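Undergrad: Here is my input, please return the structure:
(one chain, ligands or ions: 2)
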Amino acid sequence: MAEIRDCPSCGQFFNYNGLREVCATCFQEEEKIYEEVYRYLRRRENRAATIEQITTKFDIEADLLYRWVRRGRLQPAMFPNLGYPCDRCGAIAQDGKLCTKCKDEIENELAQIEAAEDLREALKTQEHVTYHGRKL
Ligand SMILES: [Zn+2]
Ligand SMILES: [Zn+2]
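TA: Ligands and ions are numbered 1, 2, ... in the order given. This is a model prediction of the structure:
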């Protein structure tokens, strides 16, 4: 599945093999930064570092950080302030595609739809009962 793409970091063409988003040079560069970021984060006093602190300190794009979290290379379970933007609202999410708020909202909406359906069912049954009741 090799495919020629241009590297989003440096603009050079490279063979995209589905494993790397960037060219080999940039990939090596990213790996070096990853090692540094990871080493930094592993120190207890840095565990709670925010995305902004890390991007400023290492002079990297937040996107790079998001990618590492998405791929599970940086675990939000270990580093509570890390995450990536929610597909729905852009707030920081830590697992799945959505943030906790959106997940809750969607769950509520679904619950409301279900409740409405239950109500409709209940009304239907009631009508049924009344109808038969009247007949008797
Ligand atoms: Zn590149
Ligand atoms: Zn959200």
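Undergrad: Any stretches of this protein with poor pLDDT?
TA: Residues of the chain that meet the criterion pLDDT under 70 lie in 1, 128-136.
Undergrad: For it, which residue occupies the most central location?
TA: For the chain, residue 97 is the residue whose C-alpha lies nearest the centre (CA atoms, centre = their mean; 3.7 Å).
Undergrad: Tell me the secondary structure at it.
TA: Of the three states, residue 97 takes coil under DSSP: H, G, I helix; E, B strand; the rest coil.
Undergrad: ditto for the one 10 residues further on
TA: On the three-state scheme (three-state DSSP), residue 107 is labelled helix.
Undergrad: What is the burial count for it?
TA: Number of residues near residue 107 (other CB atoms under 10 Å) recorded here: 10. In this view, the C-beta of every residue, glycine as well, is placed from N, C-alpha and C.
Undergrad: ok, for the residue nearest to the centre of the chain, nearest residue in space, not its chain neighbours?
TA: In space, and not counting its chain neighbours, residue 97 is closest to residue 87: 4.4 Å by CB to CB, 6 or more residues apart in numbering.
Undergrad: Please give the number of neighbouring residues around the one you found.
TA: For residue 87, the number of neighbouring residues by other CB under 10 Å comes to 12.
Undergrad: going forward, begin numbering at 36 instead of 1
TA: Let's use 36 as the start, then, which means that last one is residue 122.
Undergrad: Is it in contact with residue 133, as I believe?
TA: Yes - counting by CB atoms under 8 Å, residue 133 is a contact partner of residue 122 at 5.9 Å.
Undergrad: any shared contact partners between those two?
TA: Common neighbours of residue 122 and residue 133 are not found (criterion: CB atoms under 8 Å, 6 or more residues apart in numbering).
Undergrad: Domain ranges for this protein, per the record?
TA: Taking automatic domain parsing as the reference, the chain has its domains at 36-120, 132-171.
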